[in-house]
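K.L.:
Quick one: sequence plus predicted model below, questions after.
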Amino acid sequence: SMSKVAAIQMASGPNIQANLDQAKRLIEDAAKQGAGLVVLPENFALMAMSEPERVKQAEVLGKGVIQKFLAAQSKKHGIWLVGGTIPLQGEETGKSLAASLLFNDKGEQVAHYDKIHMFDVLIKDSGEKYNESQTTEAGNEIVVVDSPFGKIGMAVCYDLRFPELFRNLADKGMDICVLPSAFTAIT
């Protein structure tokens with residue numbers, strides 16, 4: 001049976017609570033329209049003003065305001081919810097992981113994927129420079145998880161440019177890919 005999937009779009013800022021309030025309204029809206037799987041964007045809970053600020057807000061896996069929010073929302077609405085990405089504490093000092101978390105309809109975190117490919121790019125036309133690897137620790141595990149919607153493969157934003165990842169996900173039986181992203185106007 002086909003289920004509705006909602007891809008939520010939002011313009012997040014540096015205030016976590018304001019972002020969660022916005023996400024809450026949009027999740028509720030999606031659930032009311034019958035979505036069984038809801039996907040939030042990359043950095044949905046925090047679009048920090050600076051990289052060190054994002055690292056400072058990193059949560060420990062399994063606890064923290066953002067993860068509590070995701071667990072509560074998925075349970076309340078009886079939906080599977082992809083928590084875009086959130087900053088999680090990693091091993092390396094001065095860095096956080098960009099983690100995409102999957103919660104089931106009971107509010108349990110059933111999978112977690114750490115973004116593998118870092119966005120280290122200089123855009124010639126605009127002079128925009130991104131050096132994600134300076135403050136983000138790369139993940140190294142490919143994640144495919146069973147769900148009522150089929151096998152969900154998890155990826156994030158810049159991963160999109162690396163076909164081997166998706167070949168690996170397909171080899172693991174992926175039926176559907178969730179790929180939260182936050183692009184700049186130019187990229």
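P.N.:
Noted; the coordinates are in hand.

K.L.:
What's the local residue count around residue 46?
P.N.:
Using other Cβ atoms under 10 Å, residue 46 has 21 other residues around it. Backbone N, C-alpha and C define where each C-beta goes, glycine included.

K.L.:
again, but for the one 3 residues further on
P.N.:
Other residues near residue 49 come to 10 when the count uses other Cβ under 10 Å.

K.L.:
What lies in contact with the helix or strand that contains residue 112?
P.N.:
For residue 112, the host element (DSSP states H and E) is strand 109-114. By Cβ atoms under 8 Å, 6 or more residues apart in numbering, the residues outside strand 109-114 that reach it are 61-62, 67, 70-71, 88, 90, 97-104, 137-141, 143, 145, 147, 152, 154-156.

K.L.:
who does that strand pair up with?
P.N.:
strand 96-103 (antiparallel) (DSSP bridges).

K.L.:
circling back: helices - which of the contacts of strand 109-114 land there?
P.N.:
The helices, defined by DSSP state H, take in 67, 70-71 from the contacts of strand 109-114.

K.L.:
quick one, what contacts residue 136?
P.N.:
Counting by Cβ under 8 Å, 6+ apart, residue 136 touches 95-98, 115, 118.

K.L.:
quick one: which of those is nearest residue 125?
P.N.:
Distance to residue 125, by Cβ to Cβ, is smallest for residue 118 among the contacts of residue 136, at 21.3 Å.

K.L.:
counting contacts, what elements does whichever helix in the chain runs longest pack onto?
P.N.:
As assigned by DSSP H, the longest helix anywhere in the chain is helix 16-32. Under the contact definition 3 or more Cβ pairs under 8 Å, 6 or more residues apart in numbering; DSSP states H and E, helix 16-32 sits against strand 35-39, helix 65-77.

K.L.:
So what touches that helix?
P.N.:
6, 8, 10, 12-13, 38, 40, 44-47, 57, 65-66, 69, 73, 77-79, 81.

K.L.:
What subset of those residues is buried?
P.N.:
6, 8, 10, 12, 38, 40, 44-47, 57, 66, 69, 73, 77, 79, 81 (16 or more other Cβ atoms under 10 Å).

K.L.:
and the direction of the longest strand seen in the chain versus that of strand 109-114, what angle?
P.N.:
Ordering each strand of the chain by length in residues (DSSP state E) puts strand 80-89 first. Put simply, strand 80-89 runs at 50 degrees to strand 109-114, going by axes from the mean of the first three to the mean of the last three Cα atoms, to 10 degrees.
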